[in-house]
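Novice: Quick one: sequence plus predicted model below, questions after.
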Amino acid sequence: MRKLWAILFSVSVIYADINLYLYETTANAPFPEAPVPEGPWLTGPLLSPSPSAIPKGHFNFEPYLFIDNAFGVYNNHWHVHSFQKTVSNINLQFFTQIGLNSWMDLSILPQFFYNYVGTESRWRFGDLLLGLDFQLHRGRSSNKTPSVKFTINELFPTGSYQHLKTYAVGTDAAGGGTFATTFQFVFGYHWRLSESPYRYYLASRWSIGATLFTPVSVHGLNAYGGDFTTSGKVLPGASFPIYAGFEFTLTRNWALALDIANIFTCKTKFKGHSIVPVGRNDWSYTLSFAPAIEFNFNANVGLIGGVRFTAIGRNASKFINYVIALNWYV
């Protein structure tokens, strides 16, 4: 019985990580502003979305490599319970945005997971994201106004999430089985801090949004928990992410970046039959930081790498994740 609970616990944690990245991080992959000759060269921080839509005739391609590691889980009292084995995955994302006109672009994000726990491992195709960005206002440094963008993203349930195998220890899970719709407002502005046209800029981004989920039927061991007797319907709790991102240029090519992510998620509801509990019966919260360093080859191409880690949490996983991405704007 103790072994079974450990396996189920691992499955639920894997889903917590998948949920975190599919429904928050992948919906917020950064990309640069349209290049401005006299402005800074920046890729954007790791998490906070850009406040600018890609204009018609241009596209942005940014492949990501995430190495995700969960070491434990925060309980209702904000204390951490550590795992005996680290729950890990390698997440490959291929983020592309295409300009449709002067104020709207289309984004698509296919992704793959290599999940591994101990000696068990699986390759899986994850949930697929499609989105639209709408430019409400394009800011200008000359009149000191911020850029404002509204985003709608839809996550399609293409990843496996139910009929999981007990012996796979959750490595065969790669999605949530639900359609997830994210609405988000994004703001951004950058300050020139010195007289040199090539150095000392501070760029900032802020975003606030909500992610809503459709009910999903679950059978057997699934990404929300359960066991071989489970049969019913899950309604994942709505998620409310708030991001703040900053970049500071050291030289024309080098810059430092920092993201601060606050994510509040409502409890998950379950109706049906199951011996082992399904879903999370209380709200959760995570505060995480993501410092990074970036090297920009020119105004169109940049490389960024960093780490994301939890600072505090409630009913959420404790993790540290390594990220690297190459940004190419054409």
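Specialist: Thanks, I have it. Residues are numbered from 1 along each chain as shown.

Novice: Could you check how many residues crowd around Thr96?
Specialist: By the measure other C-beta atoms under 10 Å, the count of residues near Thr96 is 18. Where you see a C-beta, it was placed from the backbone N, CA and C, and this is true even at glycine.

Novice: From Phe179, how far off is it?
Specialist: Distance, Thr96 to Phe179, by C-beta to C-beta, to the nearest Å: 21 Å.

Novice: how far does the helix or strand hosting Asp105 sit from the chain's center?
Specialist: For Asp105, the host element (DSSP states H and E) is strand 104-109. Put simply, strand 104-109 sits 16 Å off its chain's centre (C-alpha atoms, centre = their mean, to the nearest Å).

Novice: Please apply the same query to stretch 241-259.
Specialist: 17 Å.

Novice: buried ones in it?
Specialist: 241, 243-249, 255, 257-259 (16 or more other C-beta atoms under 10 Å).

Novice: wait, doesn't Leu109 sit right on Leu129?
Specialist: Yes: the pair formed by Leu109 and Leu129 meets the contact definition of C-beta atoms under 8 Å, at 4.0 Å.

Novice: what's around Thr310, how many residues?
Specialist: 22.

Novice: in its sheet, what does the strand ranked longest in the chain sit against?
Specialist: Assignment by DSSP state E gives strand 80-99 as the longest strand of the chain. Strand pairing for strand 80-99, using DSSP bridges, gives strand 59-74 (antiparallel), strand 104-109 (antiparallel), strand 111-117 (antiparallel).

Novice: ok, and for that strand, which residues are buried?
Specialist: Applying 16+ other C-beta under 10 Å to strand 80-99 flags 83, 86-91, 93, 95-97, 99 as buried.

Novice: how about the residues you listed in a markdown table, adding pLDDT and distance to Val301?
Specialist: Converted to a markdown table, the buried residues of strand 80-99 look like this (pLDDT from 0 to 100; distance: C-beta to C-beta, whole Å):
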| residue | pLDDT | distance to Val301 |
| --- | --- | --- |
| Phe83 | 86 | 39 |
| Thr86 | 88 | 34 |
| Val87 | 88 | 34 |
| Ser88 | 92 | 30 |
| Asn89 | 94 | 28 |
| Ile90 | 95 | 24 |
| Asn91 | 96 | 23 |
| Gln93 | 96 | 18 |
| Phe95 | 95 | 15 |
| Thr96 | 95 | 15 |
| Gln97 | 96 | 15 |
| Gly99 | 96 | 18 |
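
Novice: got a markdown table for the residues you listed, with distance to Phe309 too?
Specialist: Below are the buried residues of strand 80-99 laid out as a markdown table (distance: C-beta to C-beta, whole Å):
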| residue | distance to Phe309 |
| --- | --- |
| Phe83 | 16 |
| Thr86 | 14 |
| Val87 | 15 |
| Ser88 | 14 |
| Asn89 | 16 |
| Ile90 | 17 |
| Asn91 | 16 |
| Gln93 | 19 |
| Phe95 | 22 |
| Thr96 | 28 |
| Gln97 | 27 |
| Gly99 | 34 |
